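A.B. asks: could you work out the structure for the sequence below:
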Amino acid sequence: MSLRHWFKQASIALFAILMVGSLLSCQKKDAGSAQGSKPAERVKLIIASDATWPPMEFVDENKNIVGFAPEMMKAIADAAGFDVEIRNTAWDGIFAGLAAGNYDAICSSVTITEERKQTMDFSEPYVNAGQVLVVAKTLNGVSTLKDMVGKKVGAQIGTTGAIEIQKVSGVELATYDEVGLAFEDLANGRIAGVVADNPIAADFALQNPKFKDKLKIVGAPFTDEWLGIAVRKGDTKTLALINDGLAKIKANGKLEEIAKKWLH
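C.D. replies: Sure thing, here's the model as predicted:
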């Protein structure tokens, strides 16, 4: 073999060795990068709730925060891919705590109002907590107050429910100091119906052992009092996460499923 030929062969071999080494080095580097990269941390939102208003949000006998809103909030988190911690927070000061950054949002039957919109932002509305009609389970063919003409319907004195009853000619209003007394009279057949806030009606008619086998809610809310999840003013990131999950559970029927469990 000539010296020139030997150098040519050696150069080719050296080039091949260098190429293989380079490829192996790149593969190792890529593998190391893949192993060393950390997955994005899952966002956790702290949610304040004044858990004193069944069936919307309340503390059960096992000290767990349960009800329509906590179950909905957890479904929103699952749908949007974030974690959630619900903290029982007294209503007095709950909005100040949000502004101070003590938690990320409030899900506690907060009515969306123009006044509140000045100091906080709201999710899309999730339920109408307006007035509904409750009647005996044995009464059929009734869905609105107009169907109660000639009958006596009860409400707590001075409430929106009492005002709505008075708007319908031919329906007799029976007023009570406490709405629970109206439900007692309805269950005992002394009046034909009761008008109350949707969540309150649901608690008495669907959850209360004394009444749930005797009473039912008919029709849809006939006043508008939409509830939303409140976040700090300008917190677009949190709002986007919540609205994303809320839209998904509205679309897939999960929100309606939770509503049927607690509010219908």
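A.B. asks: contacts and neighbour counts: CA atoms only from here.
C.D. replies: Fine.
A.B. asks: okay, now residue 172: neighbour count?
C.D. replies: 18 (other C-alpha atoms under 10 Å).
A.B. asks: buried ones in the helix or strand encompassing residue 134, by neighbour count?
C.D. replies: In this structure, residue 134 sits in strand 131-136 according to DSSP states H and E. Going by neighbour count (16 or more other C-alpha atoms under 10 Å), the buried part of strand 131-136 is 131, 132, 133, 134, 135, 136.
A.B. asks: swap in stretch 93-108?
C.D. replies: By 16+ other C-alpha under 10 Å, the buried positions in stretch 93-108 come out as 94, 95, 97, 98, 99, 103, 104, 105, 106, 107, 108.
A.B. asks: picking that back up, dump the buried residues of strand 131-136 into CSV; add distance to residue 257 as well.
C.D. replies: Below are the buried residues of strand 131-136 laid out as CSV (distance: C-alpha to C-alpha, whole Å):
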residue, distance to residue 257
131, 21
132, 19
133, 21
134, 21
135, 23
136, 23
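A.B. asks: closest one to residue 206 out of those, please.
C.D. replies: Distance ranking of the buried residues of strand 131-136 against residue 206, using C-alpha to C-alpha, places residue 134 first at 10.4 Å.
A.B. asks: related to what we said a few turns ago, how about the buried residues of stretch 93-108, which pair is most distant?
C.D. replies: 99 and 108 (15.6 Å).
A.B. asks: and the helices in the stretch 101-250 of the chain?
C.D. replies: Using DSSP state H, counting those that start in this stretch, the helices of the stretch 101-250 of the chain run over 114-117, 160-166, 179-187, 198-202, 236-251.
A.B. asks: which elements pack onto the strand holding residue 134?
C.D. replies: Strand 131-136 is packed against helix 179-187, strand 193-197, helix 198-202, strand 215-218, with contacts defined by 3 or more C-alpha pairs under 8 Å, 6 or more residues apart in numbering; DSSP states H and E.
A.B. asks: that older thread, can you list the buried residues of stretch 93-108 in CSV and add pLDDT and distance to residue 260?
C.D. replies: Below are these laid out as CSV (pLDDT from 0 to 100; distance: C-alpha to C-alpha, whole Å):
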residue, pLDDT, distance to residue 260
94, 95, 28
95, 95, 29
97, 98, 32
98, 98, 30
99, 97, 33
103, 98, 29
104, 98, 28
105, 98, 25
106, 98, 22
107, 98, 19
108, 93, 18
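A.B. asks: keep only those of those residues that are in strands.
C.D. replies: Using DSSP state E, the subset of the buried residues of stretch 93-108 located in strands is 105, 106, 107, 108.
A.B. asks: and which of the residues you listed is nearest residue 191?
C.D. replies: Checking these one by one against residue 191 (C-alpha to C-alpha), the nearest turns out to be residue 108, at 32.1 Å.
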